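1. I'll drop the sequence and a predicted model, then ask my questions.
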Amino acid sequence: MRIISRISVVLLVVMAIALPLLQACAPTATRESTGEYLDDTAITAKIKTKLLGDPTISGFAISVETFRGRVILAGFVNSQAQIDRAIAISREVSGVREVQSAMVIKSR
């Protein structure tokens, strides 16, 4: 009988510790699940790589943020053509649901 009560206490302690940890991984309106975070990180990396490889855009001048497949591009570029090209490159990446631009054309 003592063994069963000790096991019960140990299980209760383990559950009390594990439950908050499992809830921390649950997605909310403002927080992604672990899987969504990894997907968004991969999307951001793919877009950034493509921007850096494109000869018409300065990939270093554009930051990329992704949240649940929605991409926000921000930074300073030289022309509207560069903004359009960055948006087009971003839309080509699989997993992208929406692209928003917060890019600004530099004044000369």
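-> That came in fine, so what should we check first? Residues are numbered from 1 along each chain as shown.
2. every contact and neighbour count from this point should use C-alpha atoms.
-> OK.
3. identify the spatial nearest neighbour of the spatially most central residue of the chain, chain neighbours not counted.
-> What sits nearest the mean C-alpha location of the chain, by Cα atoms, centre = their mean, is residue 40, with 3.2 Å. Distance criterion Cα to Cα, 6 or more residues apart in numbering; nearest residue to residue 40, sequence neighbours excluded, is residue 66 at 5.5 Å.
4. hmm, residue 66 and residue 48 touching each other?
-> No - judged on Cα atoms under 8 Å, residue 48 makes no contact with residue 66 at a distance of 11.1 Å.
5. for the residue nearest to residue 40, helix, strand, or coil?
-> With DSSP: H, G, I helix; E, B strand; the rest coil as the basis, residue 66 sits in strand.
6. whichever helix or strand residue 74 is part of - contacts with which helices or strands?
-> Assigned by DSSP states H and E, residue 74 belongs to strand 70-77. Judged by 3 or more Cα pairs under 8 Å, 6 or more residues apart in numbering; DSSP states H and E, the packing partners of strand 70-77 are strand 62-67, helix 80-92, strand 98-105.
7. pLDDT below threshold where in the chain?
-> Scanning the chain for pLDDT under 70 picks out the ranges 1, 4-5, 8-16, 18-30.
8. sorry, back to before: so which of the helices and strands packed on strand 70-77 is nearest residue 56?
-> helix 80-92 (6.9 Å; Cα to Cα).
9. just the residues contacting the closest one, thanks.
-> For helix 80-92, contacts defined as Cα atoms under 8 Å, 6 or more residues apart in numbering pick out 47, 50-51, 56-57, 71, 73, 77, 96-101, 103, 105.
10. using PDB, write out every CA atom in stretch 97-108.
-> Listed in PDB are the C-alpha atoms of stretch 97-108, where the atom choice follows Å, rounded to 0.1, in the frame of the first residue of the first chain:
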ATOM      1  CA  ARG A  97       0.400  32.900 -47.200                       C
ATOM      2  CA  GLU A  98       0.700  36.700 -47.400                       C
ATOM      3  CA  VAL A  99       3.400  39.300 -48.000                       C
ATOM      4  CA  GLN A 100       3.200  42.800 -46.600                       C
ATOM      5  CA  SER A 101       5.700  45.500 -47.500                       C
ATOM      6  CA  ALA A 102       7.000  48.100 -45.000                       C
ATOM      7  CA  MET A 103       9.900  49.000 -47.400                       C
ATOM      8  CA  VAL A 104      10.700  52.600 -48.100                       C
ATOM      9  CA  ILE A 105      12.300  54.200 -51.100                       C
ATOM     10  CA  LYS A 106      15.400  56.200 -50.200                       C
ATOM     11  CA  SER A 107      15.200  59.800 -51.000                       C
ATOM     12  CA  ARG A 108      18.000  61.200 -53.100                       C
END
